[in-house]
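Undergrad: Model the following, please.
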Amino acid sequence: MENISRRAALGLFGAAALVPIVGRPAHAQRVGSAATWENVIEKTSFSSRAAFEAEWNYLYPWGDTHNGAAKMASSQISLSGGILTLKATRLAAPAGTSPHEPKAPLWYRSGAVHAKELITVNDQFPEYSIEGEFRTQTGTGIWPAFWTTGTGDSWPPESDILEYVGDSVNLFNTWNRDGSDPGTDPDVERTLISGHNPDAWHKYRIWIERDGATNDVLVDYYFDDVWKATHRGVGWVGVPQRLIINLQMGSWASGIEPGGPGWDQQPGPSGDTYFRARNVWFGRTRNW
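TA: This is a model prediction of the structure:
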């Protein structure tokens, strides 16, 4: 969901630098041993407003705007029957401009939430499993995501578990920076996944584990319980991350380069757009 070098990195307006996947056996539904495994967020966290507010915060960790054309509000979030619904509404006129690059005009009001508990791979917590079932519209101007990102100014790391940017191809992304030059753009390892049906629920999952005694992690990506790829999170050990669910709109999903013809209008749905989540959960192994 980050905006740095989106045009080049996403390949929306040019060739994407895809990293080939090295063969690795598909894992079974792994969990840690019974003695060391703990659930952090239960699948029941969307069962009521009280359960939700015990585990989740409204908006982004940094506020109500990001790199798209939507300003987030708690009024765009609803809970019913164990389902979290984020609704994006097209406004009659833009409500200002996002302060985040590429500074899109805010044509939408939408919803975002983030987990209260942080994700930090280290000696105490060497493995994490994060998953959820989602149902979302896709298409021009629609940008839903289920993702992790570093806290504060620590970006990357980032893992995009679900991300549709203006079309129906999901992006499994792992963002890294090699550390040699902090001023350079980050690198992304990417696997593109087809098979999305907007009228069906799909399951998205990652398994994160420390790679031996290194400061790297391995991230396994699954779609509908089928292993799709393993990426490397370079230097992720010890770096806290947030878990976010949001329905962003416009901007890079609009199909228009920033400042280009039509940018001021942010093409996208004229009515309401919905992104639904259920059975979202994460857990980890603990070394006592």
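Undergrad: For the stretch 1-150 of the chain, which segments are assigned as strands?
TA: Counting by DSSP state E, counting those that start in this stretch, the stretch 1-150 of the chain has strands at residues 37-41, 56-58, 70-72, 77-80, 83-90, 108-110, 112-115, 127-136, 142-150.
Undergrad: Now do the third one: distance to the chain's middle.
TA: When distances are taken as Cα atoms, centre = their mean, to the nearest Å, strand 70-72 is centred 16 Å away from the chain's centroid.
Undergrad: same deal with the fifth one?
TA: Averaged C-alpha coordinates place strand 83-90 at 16 Å from its chain's average position (Cα atoms, centre = their mean).
Undergrad: quick one: what helix or strand has L247 in it?
TA: Assigned by DSSP states H and E, L247 belongs to strand 241-249.
Undergrad: For that strand, enumerate the helices and strands it packs against.
TA: Judged by 3 or more Cβ pairs under 8 Å, 6 or more residues apart in numbering; DSSP states H and E, strand 241-249 is in contact with strand 70-72, strand 83-90, strand 108-110, strand 112-115, strand 127-136, strand 142-150, strand 272-285. From N, CA and C alone the C-beta is placed, and that goes for glycine too.
Undergrad: that older thread, quick check: which of the strands of the stretch 1-150 of the chain is buried the most?
TA: Mean neighbour count, computed with mean count of other Cβ atoms under 10 Å, is highest for strand 70-72 among the strands of the stretch 1-150 of the chain, reaching a mean of 28.
Undergrad: Please list all residues in contact with the closest residue to K103 other than its chain neighbours.
TA: Of all residues not flanking K103 in the chain, T97 sits nearest, at 5.4 Å (Cβ to Cβ, 6 or more residues apart in numbering). Neighbouring residues of T97 by Cβ atoms under 8 Å, 6 or more residues apart in numbering: 103-106.
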